[in-house]
Structure formats: C-alpha cells, structure tokens
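Engineer: kindly return the folded structure for what I paste below:
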Amino acid sequence: MSIVQQLLFCNGGKRRGAGRKPAGPRARATHHARPTIKASHAMHVTIRTMSDLPSLRRRETYVAIRAASAAAAKQQAFRIAHLSIQDTHVHLIIEADDKGALARGMQSFEISAARRINAVLLRRGRVFDDRYHLVVIRSPRQMRSVLAYVMNNWRRHGADRSPAPGWLVDPYASGFAFAGWKELRNGQRLWPASVTASWLVVKPPRSWLLKTGWERGGGAVSVFEVPGRRPD
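Structural biologist: Numbers count the residues shown, from 1 in each chain. Alright, predicted model coming up:
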C-alpha cells in the first residue's frame, strides 16, 4: 500500500501562542485594510508556515490539516471550496458571507490546524506566519487561473516528479472534488481506483464564479498545466 493510500485520521494539541508579537518573514509588512467581502465573492488565501517547521506534505501533517478542514466544514458563513497543501504553505479557495465571517473562519481554521500540527510534531509555538495573503477574485479568467494555480501547485514546485502510481492530481489537494478537469471529462482516471484515503474536507461552492463562471475564462483545466506566478 502506498503512503498516499495511508493518509488517514488525526487528533490534537495546543493553542497558538496568544499575545505574542508578530513573527515570521512577513511580520513587518504593512497591514492594509482587508477588501470588502460579499457572499458572491470567491477568494484565494495563502497561509505560510514558520521556518522551523518540516514539510507539510507528510502523512501526519496531512491528517492534521484534514481534521481542521472537517471542523471548518461545520460553519455556514465560511466555506473552504478547495485546499492545497505544499511544503511551506497552504492554499485555500474560500467563500465567506462577509468580512466578519472571513476573519472568524480563517482564525478558527488556522488555530485548529496549528493545534493539531503541533500535536503530531510534538512541538509548541507558532505554526503559521503572522499574516495570510488574500486576493478577492473578480473575473472568470482570474478564477480559472486561481483554480489551476491552487490545484496544480505541486507541478509548480516539482512535487509531481515522483508521484505515487496512478496519481495525476495532487494527493495533498482537493482536486478530487473538482469536476472541471479536462481529462476527467474525457473519461480518464485521475487517481487509483483502489484508493480509500480520507480526502480533504471541502464544501460545494455557492458563488457563480466558483460554480460555473470560471469556465468562461478559458475552459476546462488540464491536470498537466504548470502554473506560473501567483494570479494576484
């Protein structure tokens, strides 16, 4: 059984260090006001880990983040539609009813993930950088670019060079929940038929851009697309 097929379950840990001063490589960045958020918007969020953490692309941290995504799925005003785990950062495509729901949802997800990651790594202290990067998506072309960027991010970082047998989508992302793959629509299998892994927990999108509007930005996404720079 491959290591990807063993991506299962989790529990965990300790609260993020409340009251600490901003830390991390972006701690000195100007804290601009967040843009206006509406329920009809979709957003691309990137959160980065502290430099002393090992790669997140390992079984124990995968299951820790999966548990945090399952907890987030219980919320109604904040929705994670897609999720991608890379070595030093996590990409999310989210929807939120308003700015308050966004703030509460992100805080809850980060705290939940941090507790569990610390528990499985037997460490204490801050897990994520002080600020997350947020982009509100405003057009079908931008939405399609973000979908390809997030779910094919492993190809950007070269993590696809030694994939587990039978995997054309990133096993550390939510590509299984995306019906817009070109190859999937052509009947091609994108992961092994025998896989029983616990997938990352995501919720169906509600916004037009995430549901169908993105296709007007360039059509179906190929699993072989290699993303360029972040589509801000």
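
Engineer: look up phi and psi at residue 83.
Structural biologist: phi -150, psi 140 (degrees, to the nearest 10).

Engineer: pretty sure it sits against residue 172.
Structural biologist: No: counting by Cβ atoms under 8 Å, residue 83 stays clear of residue 172, with 9.1 Å between them. To be clear about C-beta, it is placed using only N, CA and C from the backbone, and glycine gets the same treatment.

Engineer: compare those two (neighbour count), which wins?
Structural biologist: residue 83 (28 against 25; other Cβ atoms under 10 Å).

Engineer: contact partners for that one?
Structural biologist: 65, 69, 90, 91, 92, 93, 173, 174, 200, 202 (Cβ atoms under 8 Å, 6 or more residues apart in numbering).

Engineer: quick one: it from residue 125, how far?
Structural biologist: Look at residue 83 and residue 125: by Cβ to Cβ, to the nearest Å, they are 24 Å apart.

Engineer: before we move on, what about residue 66?
Structural biologist: 22 Å.

Engineer: which one of the two has more residues nearby?
Structural biologist: Counted by other Cβ under 10 Å, residue 66 and residue 125 do not tie: residue 66 has more neighbours, with 24 against 14.

Engineer: before we move on, which element is the more buried one in?
Structural biologist: helix 59-72 (DSSP states H and E).

Engineer: quick one: that helix to chain centroid distance?
Structural biologist: 11 Å (Cα atoms, centre = their mean, to the nearest Å).

Engineer: average pLDDT across that helix?
Structural biologist: Helix 59-72 shows a mean pLDDT of 97.

Engineer: can you start the count at 727 instead of 1 from here on
Structural biologist: Done: numbering now begins at 727, and the last item shifts to helix 785-798.

Engineer: closest one of the contacts of residue 809 to residue 831?
Structural biologist: Nearest to residue 831 among the contacts of residue 809 is residue 818, at 9.9 Å by Cβ to Cβ.

Engineer: excluding residues flanking it in the chain, which one is nearest that closest one?
Structural biologist: Excluding the flanking residues, the one nearest residue 818 by Cβ to Cβ, 6 or more residues apart in numbering is residue 771, at 4.5 Å.
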